[in-house]
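I'll drop the sequence and a predicted model, then ask my questions.
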Amino acid sequence: MIARIWRGTVRESDKDTYYTYLQETGLKEYVSISGNRGVHTLRSVKDGRCEFLILTFWDSWDAIKAFAGPEYEKAVYYPEDKRFLLEMRPFVDHYELLDGAA
């Protein structure tokens, strides 16, 4: 299994609005892709900013490519992201999941 990690930072005042936007866009799309094994959304608020970390799990590189396209290492953005995000990080991180505990 492969973990894909995306990070984005918004103003603290936008944290709830942006989370709702994420639910309507990326989070909804992730779970619609065959081979997606789960999505976890984390956020951390400090110093007037809110960082979101989205951790998704995938069966294979092909499943990730079905979501992100052939340049799967690039971040996927949606039309209103520019309105909220303080920066547009060009890439995401991928890790092989070796084991896990419940």
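Looks like it arrived, so ask away.

what's the following helix or strand after the helix or strand of the chain with the lowest mean pLDDT?
Least confident helix or strand of the chain, by mean pLDDT, DSSP states H and E, is helix 26-32 with a mean of 91. Where DSSP states H and E defines the elements, the next helix or strand beyond helix 26-32 is strand 36-46.

who's in contact with stretch 71-84?
6, 8, 10-11, 14, 17-18, 21, 25-26, 61, 64-65, 67-69, 85, 88-92, 94 (Cβ atoms under 8 Å, 6 or more residues apart in numbering). The way it works is simple: take the backbone N, C-alpha and C, and place the C-beta from them, glycine included.

Where is the longest helix in the protein?
Counting residues, the longest helix in the chain under DSSP state H turns out to be helix 15-24.

what's that helix in contact with?
With Cβ under 8 Å, 6+ apart, helix 15-24 has contacts from 10, 41, 43, 45, 50, 52, 54, 78, 80, 84.

burial count for the nearest residue to the fourth one once chain neighbours are set aside?
If I follow you right, that is residue 45. Leaving out its chain neighbours, the residue that sits closest to residue 45 by Cβ to Cβ, 6 or more residues apart in numbering is residue 12, at 5.6 Å. Neighbour count for residue 12, taken as other Cβ atoms under 10 Å: 13.

what bridges to residue 51?
Assessed by DSSP bridges, residue 51 has beta-bridge partners residue 9, residue 44.

OK, contacts around residue 95?
2-3, 5.

Got phi/psi on it?
phi -140, psi 140 (degrees, to the nearest 10).

which residues does it bridge with?
Under the criterion used (DSSP bridges), residue 95 bridges to residue 3.

and the gap between it and residue 24?
Distance, residue 95 to residue 24, by Cβ to Cβ, to the nearest Å: 27 Å.

was I right about residue 57 contacting residue 97?
Yes: counting by Cβ atoms under 8 Å, residue 57 does reach residue 97; the two are 6.7 Å apart.
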